[in-house]
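In: Mind folding the following:
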Amino acid sequence: MKISTDIKPVSYLKSRAKDMLDQVNETRRSIVITQNGEPKAVLQDTESFENMRNAIGILKLIPLVSYENIFFSSCYFHVIKSTIVKKPVLSA
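Out: Below is the predicted model of the structure:
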């Protein structure tokens, strides 16, 4: 992030919205919009936004997959543990 170009006040957005849209679409870098010196919003190109949402969706799946693997592994272990192993009877 380049502070001089990637952080702008809301007044700049009001007067130069088209220029800012062109900038985020050309550079693929987000712009932080400030109000009274505080960060309030982020202007981002749609492709980067979609990529970020897809990545977040994939990251949300990781705990579910891990939980299912642990659950099914423990069930499998439980079945093996509870199986009765009979010793062969030797006839004399």
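
In: what's the span of stretch 23-43 from first residue to last?
Out: By CA to CA, to the nearest Å, the extent of stretch 23-43 from end to end equals 10 Å.

In: Oops, could you answer that again for stretch 11-20 instead?
Out: With CA to CA, one end of stretch 11-20 sits 12 Å from the other.

In: Name the residues that touch that stretch?
Out: With contact meaning CB atoms under 8 Å, 6 or more residues apart in numbering, stretch 11-20 is reached by K8, I31, I33, L43. Glycine gets a C-beta too; all of them are placed from N, C-alpha and C.

In: Which of those has the largest number of neighbours?
Out: I31 (21 neighbours; other CB atoms under 10 Å).

In: Quick one, grab the pLDDT at the residue nearest to that one when sequence neighbours are not counted.
Out: Closest residue to I31 apart from its sequence neighbours, by CB to CB, 6 or more residues apart in numbering: L43 at 4.4 Å. Each residue has a pLDDT score; the one for L43 is 94.

In: Tell me who's in contact with L43.
Out: L13, M20, L21, V24, S30, I31, I33.

In: Okay, helices next: where are they in this structure?
Out: Using DSSP state H, the helices of the chain run over residues 3-6, 10-15, 17-27, 46-82.
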